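Participant: 3D model of this:
(2 chains)
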There are 2 protein chains.
Amino acid sequence: MSYLIDGLQYSNWSEGIFRQLRSGGVDAVHVTLVYHENFRETVARIECWNRWFERWPDLIFQGFAAEDLALARATGRTAVFFGAQNPSCIEDDIGLVQVLHRLGLRFMQLSYNNQSLLATGCYEAEDTGLTRMGREVVTEMNRVGMVVDMSHSSERSTLAALEHSTRPIAVTHANPAAWHPARRNKSDAVIGALAETGGMLGFSLYPHHLRGGSACEMADFCGMIARTAERHGTDFLGIGTDLCQDQPDSVVEWMRTGRWTKSVDFGEGSREAPGFPDMPGWFRDNRDLGNLRGGLQAVGFSGEEVTAIMGGNWARFFATSFGTAGLDEVERAAE
Amino acid sequence: MSYLIDGLQYSNWSEGIFRQLRSGGVDAVHVTLVYHENFRETVARIECWNRWFERWPDLIFQGFAAEDLALARATGRTAVFFGAQNPSCIEDDIGLVQVLHRLGLRFMQLSYNNQSLLATGCYEAEDTGLTRMGREVVTEMNRVGMVVDMSHSSERSTLAALEHSTRPIAVTHANPAAWHPARRNKSDAVIGALAETGGMLGFSLYPHHLRGGSACEMADFCGMIARTAERHGTDFLGIGTDLCQDQPDSVVEWMRTGRWTKSVDFGEGSREAPGFPDMPGWFRDNRDLGNLRGGLQAVGFSGEEVTAIMGGNWARFFATSFGTAGLDEVERAAE
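Facilitator: A predicted model of the protein is given here:
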């Protein structure tokens, strides 16, 4: 099945965007629920999504398991899988991992730019690797079937998570630092370890992660994917657009500063350009996602490889990642 | 299938009690998670249960759907279904109904002795019936498949819930007031309305609900059940022991006073006897539950009727109550 799956979005959701997901034929999307929100605030976000699922049942539904991809395709809807970009949602309570998994949280980043209770973010000067709680939480995430996402984490912490996790992990939205040396992009060591362990790398279209920023051409982006595949194989590659459509700039401020500072932190931006950057002209919204197929073919990928990168690899990863450790989704459903 | 189901317990859970559930052959039990606890405290109780489920997987597991009764029987374990005795767990937020349903809450009382945001408790002087929010929450509980339980609610509020709810409701643990006129026991009008609407009445073994208190004989208790059946039929009858095994008296204080008063409220107790009363000698714990079968036969119930009262009626009620409105559990599972 040639699924079209986006490994990360954080849009200002609306009926219009849900209809664009359908126009674009997007079968599934991993959406960011929260950044710095605590548990109760995270539940409030879930409540908000529940109202959207109830209001637009013909467009979207909540995804819990890999089988929901087939359901999405069969019913012409988009399956929405929840994730968190920071572990604030579990506070200091490991028991909330299972509770949030039950509520559908399928991805959680161990840190977001800063040091967290679990691991170090990519903007810290010192990198602790996994903390004591971090190791315990990764083990618990492995047990219940919540994906460890290291997109905003630092090098040593990411390698430590790759080492400690007994199940494959993901970088849902980043690019190779060798192509564009942004702090958020990943080293060849990290990318190689993801490939070797059955993990996933979702290529990002967020301009700060692109060589040339908003002006980056699709051919350059797809060429970068081709070089990554030549070096490490194609099986672990997907897309994670990091689309933040229709968000006001106050949201990127929240993402960067949460409640951890009273000052301004520009993150990947700058004093001169503090807001959301413009997406590349060839990727305005979900209706353009499928156009990447052509771009990937143009740089030499086979039809089978294009299908894998555009969703097939995510689909396989979902199937082995979202269930209880030791059981794949099919066995779990048959329990 | 002759299931053995208890419609309500709130014990001080331990491996010993879980082993007694198995010795007694109890297939399923509705357990009280919380009384006056807020949402976050309720989640902490769920986390506690999750640890018990993980620690004793050979004895207990969490029940979500009626199919879990067959799984319990097939695997020799007890299915534990969650309930709340007061709506404090949803705070003032109707969205928490669906969130808690997803986490497994299958029963919620609309009030506990006092006025709540939803309805009036059986100890208030004035009975408002359902409040504005109460009507909305009952509709939402109907939608998601959470049972309205009016065990501790007052007469008018209970009749209003029976009228407003589009799905059958329950009184999980109480007896007829005509047999023992305790404030917690129910009028013939309420019992008749439960019978007519496909609801459920779980007969309580809590001594304050028994004629003669702790000295009540099994024959008198079963005779009361027989008279209820003669008047209203047998299809809506079950057991809800209200077993509060091994609880310290501080817990009955919490149940009665929560955080709503700085004074002492003795509820069904008194200054002279403020603590938990002794259970009848013929019902010490879950190992004795099945003995009620003999008591029911002795007062003239047929084998089929005994099977229905001891669990068959609850099983049928579970099958039509825990799923999304308009779909029974089997249809929902096939979705």
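Participant: which residue ranges form the strands in chain A?
Facilitator: Under the criterion DSSP state E, chain A carries strands at the ranges A:5-9, A:28-34, A:60-62, A:78-84, A:105-109, A:147-149, A:170-171, A:200-203, A:237-239.
Participant: neighbouring contacts of the last one?
Facilitator: The reference is to strand A:237-239. Residues lying outside strand A:237-239 but in contact with it, judged by Cβ atoms under 8 Å, 6 or more residues apart in numbering or on different chains, are A:5-7, A:200-203, A:205, A:225, A:228-229, A:289, A:292, A:308-311, A:313-314, A:317. All C-beta atoms are positioned from the backbone trio N, CA, C, and that covers glycine.
Participant: Quick check: mean pLDDT of it?
Facilitator: Per-residue pLDDT values over strand A:237-239 give a mean of 98.
Participant: same thing with the first one?
Facilitator: Along strand A:5-9, the predicted local confidence has a mean pLDDT of 98.
Participant: Check stretch A:294-309 too.
Facilitator: pLDDT averaged over stretch A:294-309 equals 98, rounded to a whole number.
Participant: Ends of it, what's the gap?
Facilitator: Start to finish, the residues bounding stretch A:294-309 are 12 Å apart (Cα to Cα, to the nearest Å).
Participant: about what we covered before: okay if I get the strands of chain A as a markdown table plus mean neighbour count?
Facilitator: Written out in a markdown table, the entries for the strands of chain A read as follows (neighbours: other Cβ atoms under 10 Å in any protein chain shown):
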| stretch | mean neighbour count |
| --- | --- |
| strand A:5-9 | 28 |
| strand A:28-34 | 24 |
| strand A:60-62 | 20 |
| strand A:78-84 | 25 |
| strand A:105-109 | 25 |
| strand A:147-149 | 27 |
| strand A:170-171 | 29 |
| strand A:200-203 | 27 |
| strand A:237-239 | 26 |
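Participant: can you redo the ones you listed as CSV with distance to B:E304?
Facilitator: Converted to CSV, the strands of chain A look like this (distance: least, Cβ to Cβ, whole Å):
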stretch, distance to B:E304
strand A:5-9, 53
strand A:28-34, 49
strand A:60-62, 42
strand A:78-84, 45
strand A:105-109, 46
strand A:147-149, 51
strand A:170-171, 56
strand A:200-203, 57
strand A:237-239, 58
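Participant: Which of those sits closest to B:W254?
Facilitator: B:W254 lies closest, by Cβ to Cβ, to one member of the strands of chain A: strand A:105-109, at 31.4 Å.
Participant: Run me through the strand neighbours of that closest one, direction for each.
Facilitator: strand A:78-84 (parallel), strand A:147-149 (parallel) (DSSP bridges).
Participant: got JSON lines for the ones you listed, with mean pLDDT too?
Facilitator: Supplementary listing: the strands paired with strand A:105-109 in JSON lines, determined by pLDDT from 0 to 100:
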{"stretch": "strand A:78-84", "mean pLDDT": "98"}
{"stretch": "strand A:147-149", "mean pLDDT": "98"}
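Participant: ok, the nearest residue to A:P274 once chain neighbours are set aside - how many residues close by?
Facilitator: The shortest distance from A:P274 to any residue that is not its chain neighbour, by Cβ to Cβ, 6 or more residues apart in numbering or on different chains, is 5.6 Å, and that residue is A:F266. Burial measure for A:F266: 14 neighbouring residues, criterion other Cβ atoms under 10 Å in any protein chain shown.
Participant: Surely A:F266 and A:T257 touch.
Facilitator: No. Contact between A:F266 and A:T257 fails when scored by Cβ atoms under 8 Å: they sit 9.5 Å apart.
Participant: ok, A:R259 - how many residues close by?
Facilitator: 10.
Participant: what's the answer for the one 4 residues further on, then?
Facilitator: A:S263: 6 surrounding residues under other Cβ under 10 Å.
Participant: which residues touch the nearest residue to it once chain neighbours are set aside?
Facilitator: Take A:S263 and drop its neighbours on the chain: the residue closest to it by Cβ to Cβ, 6+ apart is A:T257, 7.6 Å away. For A:T257, the contact set (Cβ under 8 Å, 6+ apart) comprises A:S263, A:V264, A:D265.
Participant: got the residues of the stretch 51-200 of chain A near chain B?
Facilitator: Counting by Cβ under 8 Å from any Cβ of the partner chain, the residues of the stretch 51-200 of chain A lying close to chain B are A:R51, A:D93, A:G95, A:L96, A:Q98, A:V99, A:R102, A:L103, A:G104.
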